[in-house]
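# Have a look at this prediction, sequence included:
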Amino acid sequence: MAPRCFIVRHGETEWSLNGRHTGTTDLPLTANGEKRIKATGKALVGNDRLVVPKNLVHVYVSPRHRAQRTLELLEIGCRERLPWNAERKAENEEPIRTEASVEITESIREWDYGDYEGLTSKQIKSIRAETGQGPWNIWEDGCPGGESPEDVMHRLDALIADIRGKYQRECFENPDSPKGDVLVVAHGHILRAFAMRWVGKPLTETSFILEAGSVGTLSYEHNNINEPAIMLGGQFVVEE
């Protein structure tokens with residue numbers, strides 16, 4: 001099986017629940033958000049599940065606490081302590097299931113919404129209508145005082161090249177190499193953009209939805225690193 005890249009949006013926060021754009025503002029998960037992420041971990045992480053910890057080689061996580069807490073709750077069982085914790089959980093609390101290292105990176109922080117931070121789409125469109133700015137589409141217009149689509153593509157393209165060069169190309173060049181699955185834990189807009197750039201599409205074609213706490217799967221067609229693809233339905237196979 002070709003190596004995969006799992007994208008996980010952080011669990012529910014008060015602002016995601018209300019549709020407010022949450023970039024630099026760091027909010028905790030709601031109680032329901034934590035509950036749902038724990039359930040997701042139990043359902044999708046394991047040797048006979050979608051995310052197989054022993055096949056993970058690296059984990060990228062956003063600098064925002066809500067993403068880091070989401071990774072904690074998934075309980076993938078990293079041997080190393082998580083970078084933001086003083087020590088690792090005892091093995092009787094969280095058994096070691098993966099040798100993957102965890103890296104905090106600005107590359108997958110949420111889109112910088114600038115002047116639109118904390119506003120809903122409805123509020124943004126109302127403000128633009130009142131000031132004669134016309135309609136708004138983040139994939140085309142970006143955010144005043146924040147990031148443009150070109151800014152976002154630049155940092156995501158660099159990260160995708162990093163994933164392929166460091167962790168996945170070898171899987172195609174050397175069939176005996178270990179698995180090269182990668183996990184990315186971040187935010188709604190940036191992960192939707194990440195999926196589009198994974199398959200080389202412009203952000204203006206983005207039509208994906210990634211709800212809070214959900215998981216997406218990216219991989220390659222025909223076992224070819226030059227044919228990146230989005231896997232519909234997750235597609236997980238129980239290993240022998």
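Okay, I see it.
# C-alpha from now on. contacts and neighbour counts both.
Noted.
# any idea how far the residue lying closest to residue 96 once chain neighbours are set aside lies from residue 59?
On the basis of CA to CA, 6 or more residues apart in numbering, the spatially nearest residue to residue 96 that is not a chain neighbour turns out to be residue 77, at 4.6 Å. Relative to residue 59, residue 77 is positioned 12 Å away (CA to CA, to the nearest Å).
# about what we covered before: can you get me a residue count around the residue nearest to residue 96?
24 (other CA atoms under 10 Å).
# List the contacts of it.
53, 94, 95, 96, 97, 98 (CA atoms under 8 Å, 6 or more residues apart in numbering).
# Which of the helices or strands spans residue 201?
For residue 201, there is no host helix or strand (DSSP states H and E).
# Enumerate the positions of the helix or strand bottoming out on mean pLDDT in the chain that are buried.
For the chain, using mean pLDDT, DSSP states H and E, the weakest element among its helices and strands is helix 169-173, scoring a mean of 91. Neighbour-count burial for helix 169-173, counted by 16 or more other CA atoms under 10 Å, picks out 169, 170, 171.
# before we move on, back to that, report pLDDT for the residue nearest to residue 96.
For residue 77, the model assigns a pLDDT of 97.
# Same check on the one 10 residues further on?
Model confidence at residue 87, given as pLDDT, is 94.
# my guess is it is in a strand, correct?
No. Judged by DSSP: H, G, I helix; E, B strand; the rest coil, residue 87 forms no part of a strand; its state is coil.
# do you know how far it is from residue 78?
12 Å.
# Next up, the contacts around the closest residue to residue 66 other than its chain neighbours.
Nearest residue to residue 66, sequence neighbours excluded (CA to CA, 6+ apart): residue 28, at 5.5 Å. Applying CA under 8 Å, 6+ apart to residue 28 gives the contacts 13, 65, 66.
# all strands for this structure, in order.
Counting by DSSP state E, the chain has strands at residues 5-9, 56-61, 101-104, 181-186, 215-220, 228-230.
# Of these, which is nearest residue 111?
Nearest to residue 111 among the strands of the chain is strand 181-186; the distance by CA to CA comes to 10.5 Å.
# Show residues contacting that closest one.
So strand 181-186 is contacted by 3-10, 55-62, 67-68, 70-71, 108-110, 163, 167-168 (CA under 8 Å, 6+ apart).
# what ranges do the helices span in the protein?
Applying DSSP state H to the chain gives helices spanning 14-18, 31-44, 65-74, 121-130, 138-141, 149-163, 169-173, 188-198.
# sorry, back to before: can you pick the most crowded of the contacts of residue 28?
residue 66 (24 neighbours).
# buried set for stretch 199-215?
Neighbour-count burial for stretch 199-215, counted by 16+ other CA under 10 Å, picks out 199, 203, 206, 210, 212, 213, 214, 215.
# Can you tell me which of these lies closest to residue 233?
For these, the nearest to residue 233 is residue 215 (10.2 Å; CA to CA).
# how near is the nearest residue to that closest one once chain neighbours are set aside to residue 1?
Using CA to CA, 6+ apart and skipping residues adjacent in sequence, the residue nearest residue 215 is residue 8, 4.6 Å away. To residue 1, residue 8 is 21 Å away according to CA to CA.
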